[in-house]
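Novice: structural data only, the sequence is not supplied:
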């Protein structure tokens with residue numbers, strides 16, 4: 001007869017789960033829930049009484065209902081278009097080996113960190129009066145929905161490529177090959193074997209794209225014209241132009257409610273579609289293009305050239321188009337403070353500020369997001385599904401609301417951070433954490449649970465299980481998550497613009513300040529700073545690609561005993577794709 005487990009052994013999983021969620025919950029309570037609640041309370045509470053009647057007044061306005069409809073419609077269309085355009089790119093970057101792949105993968109991520117006002121201006125030059133479409137086809141697309149949709153694909157292409165491609169590169173290709181040997185065609189094998197395995201990752205990417213486009217501000221403001229507005233644009237108008245805080249608070253609550261509903265549907269849809277997957281070393285799955293893959297590679301390269309490289313080239317060209325012809329006049333002006341300058345320091349110092357802030361924000365996001373992903377892997381139930389949804393809320397919350405919330409709530413003990421440099425990285429990390437979780441979670445859930453259980457039976461502590469069993473399997477995902485967190489932090493603008501100090505501006509804030517002042521020199525310096533931002537981002541992302549592409553990036557973890565050191569794994573890729581997780585008890589693609 002089996003002995004009952006000791007109380008300590010039965011309480012250990014609960015203690016581990018609570019320990020993993022404690023820090024993320026405290027972080028979100030202090031730096032998200034509290035500031036948002038403060039700004040909403042400031043708007044709806046007047047004279048010591050809550051003005052709940054304003055909710056009905058705002059929601060009864062036909063113009064607000066129109067804004068809500070347009071927000072949802074353009075977000076859904078943008079998400080569908082982005083997935084359709086970017087999924088072929090995810091396959092190409094994950095499975096095809098071609099010259100310049102790492103460099104191109106870094107380039108496609110650059111748009112994600114650009115301030116939206118800058119990228120919107122670039123698309124305005126391409127699609128507006130005298131732009132490419134006007135010159136070649138006699139058609140202007142600015143102030144049209146198509147301009148907004150194309151710009152959203154430009155921004156979010158990398159989200160799908162990196163989120164889906166990160167998992168796709170580690171799927172064992174032999175499973176799809178086995179289906180083809182048994183008589184399935186190429187498309188049927190992909191639909192029945194690979195697509196179910198990718199479904200959680202595709203859904204995660206789709207949700208992130210939807211939330212980003214749902215809260216779109218700069219793109220709609222510049223390309224949509226005065227007749228089109230999202231909830232984010234309307235919140236900004238009510239806050240900064242009309243100064244109607246009650247209306248802004250109601251719209252913020254409406255935006256939060258919509259985001260919570262989206263995340264609830266997402267969690268309910270995918271709950272039964274998770275599966276244990278057979279993961280392999282990503283370095284062993286890429287191959288040279290063959291057959292129809294050459295045409296697919298050419299098509300993806302053409303899309304990248306037109307959709308991503310062309311707008312970036314326009315920005316670079318504008319930064320060199322000085323008052324006396326092409327040259328580096330705008331770049332030289334960045335190193336000094338002029339008499340009519342809006343800066344207390346040379347704008348060039350914004351580069352160092354951005355790198356320091358982004359590095360700190362990436363460390364915070366990896367810590368908070370890693371703990372949260374580990375907690376979501378170990379425990380299930382409604383409470384953890386609610387915790388998962390909470391982690392995604394910053395992506396769907398108005399950055400204007402968060403920025404104002406930081407100003408009015410983190411100004412007195414015990415959270416008096418007005419003079420602390422950490423205020424900016426904390427705001428940036430709020431947006432980075434969801435990316436860390438969404439990138440790491442599908443890979444963590446694909447790890448065979450028996451590896452963790454075997455290590456625990458042999459006496460390994462939970463920390464040692466994570467360090468020596470799980471971490472080697474998710475090393476690639478951690479690198480991808482770090483790249484996303486750094487990129488998001490480097491380009492975060494909505495909240496940072498309210499809390500960055502005048503003597504320590506970030507690159508996006510500096511660009512926005514320059515664009516807000518008239519004059520050719522200010523505009524040219526903004527383009528020069530934007531070009532520097534592109535180059536810095538591409539360089540940092542390229543550096544991150546090196547360990548991810550190494551043949552030793554992922555190793556089979558040994559299961560250590562109580563006193564036995566972990567044995568070294570055999571050389572990765574010595575005999576083709578090598579499994580990184582034990583064979584699952586059920587075929588890949590079936591629910592646990």
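Specialist: Happy to help now that I have it. It should be emphasised that the depicted structure is a prediction, and the values quoted were computed from it without experimental measurement.

Novice: going by C-alpha atoms from here, please, whenever you check contacts or count neighbours.
Specialist: OK.

Novice: for burial, what's the neighbour tally of residue 290?
Specialist: Applying other CA atoms under 10 Å, we find 11 residues neighbouring residue 290.

Novice: on the three-state scheme, it is what?
Specialist: Following DSSP: H, G, I helix; E, B strand; the rest coil, we place residue 290 in the coil state.

Novice: got phi/psi on it?
Specialist: Main-chain torsions, residue 290, degrees, to the nearest 10: phi -140, psi 150.

Novice: who does the helix or strand harbouring residue 513 touch, helix- and strand-wise?
Specialist: Assigned by DSSP states H and E, residue 513 belongs to helix 507-515. Applying 3 or more CA pairs under 8 Å, 6 or more residues apart in numbering; DSSP states H and E, one finds that helix 507-515 contacts helix 349-378, helix 471-491, helix 520-549.

Novice: need the winner for burial among those helices.
Specialist: helix 471-491 (a mean of 25; mean count of other CA atoms under 10 Å).

Novice: kindly reformat the helices and strands packed on helix 507-515 as a markdown table and extend each row with distance to residue 333.
Specialist: Formatted as a markdown table, the helices and strands packed on helix 507-515 follow (distance: least, CA to CA, whole Å):
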| stretch | distance to residue 333 |
| --- | --- |
| helix 349-378 | 12 |
| helix 471-491 | 22 |
| helix 520-549 | 7 |
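
Novice: would you format those helices as a markdown table with mean pLDDT and distance to residue 245 included?
Specialist: Shown next, in a markdown table, are the helices and strands packed on helix 507-515 (pLDDT from 0 to 100; distance: least, CA to CA, whole Å):
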| stretch | mean pLDDT | distance to residue 245 |
| --- | --- | --- |
| helix 349-378 | 88 | 30 |
| helix 471-491 | 80 | 27 |
| helix 520-549 | 74 | 31 |
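
Novice: what does the helix holding residue 513 contact?
Specialist: Helix 507-515 is contacted by residues 114-115, 117-118, 342, 347, 350-351, 353-354, 490-493, 496-497, 500, 522-523, 525-527, 529-530, 533 when judged by CA atoms under 8 Å, 6 or more residues apart in numbering.

Novice: repeat that for 6 Å
Specialist: If you take CA atoms under 6 Å, 6 or more residues apart in numbering as the criterion, helix 507-515 is touched by 115, 350, 493, 497, 522-523, 526.

Novice: if we can go back for a sec, of all the helices and strands packed on helix 507-515, which lies closest to residue 303?
Specialist: helix 520-549 (18.7 Å; CA to CA).

Novice: spatially nearest residue to residue 228, not counting backbone neighbours?
Specialist: residue 220 (7.1 Å; CA to CA, 6 or more residues apart in numbering).

Novice: can you pull out the strands in this protein?
Specialist: 45-46, 49-50, 321-322, 325-326, 411-412, 415-416 (DSSP state E).

Novice: tell me the contacts of residue 481?
Specialist: Contact analysis of residue 481 by CA under 6 Å, 6+ apart lists 436, 439.

Novice: centre-most residue in the chain?
Specialist: residue 435 (4.4 Å; CA atoms, centre = their mean).

Novice: how far away is it from residue 394?
Specialist: Distance from residue 435 to residue 394, counting by CA to CA, to the nearest Å: 11 Å.

Novice: what comes up buried for stretch 430-441?
Specialist: By neighbour count on 16 or more other CA atoms under 10 Å, the buried set for stretch 430-441 is 430-441.

Novice: distance of residue 111 relative to residue 118?
Specialist: 10 Å.

Novice: how close does the spatially closest residue to residue 497 that is not a sequence neighbour get to residue 448?
Specialist: Nearest-residue entry for residue 497: residue 509, 5.6 Å, with adjacent residues in sequence omitted and distances by CA to CA, 6+ apart. As judged by CA to CA, residue 509 and residue 448 stand 45 Å apart.

Novice: likewise for residue 31?
Specialist: Going from residue 31 to residue 448 by CA to CA gives 35 Å.

Novice: so who does residue 71 touch?
Specialist: The contact partners of residue 71, taken as CA under 6 Å, 6+ apart, are 214, 230.

Novice: run the last query once more with 10 Å
Specialist: Residues near residue 71 by CA atoms under 10 Å, 6 or more residues apart in numbering: 65, 213-216, 220, 228-233, 255.
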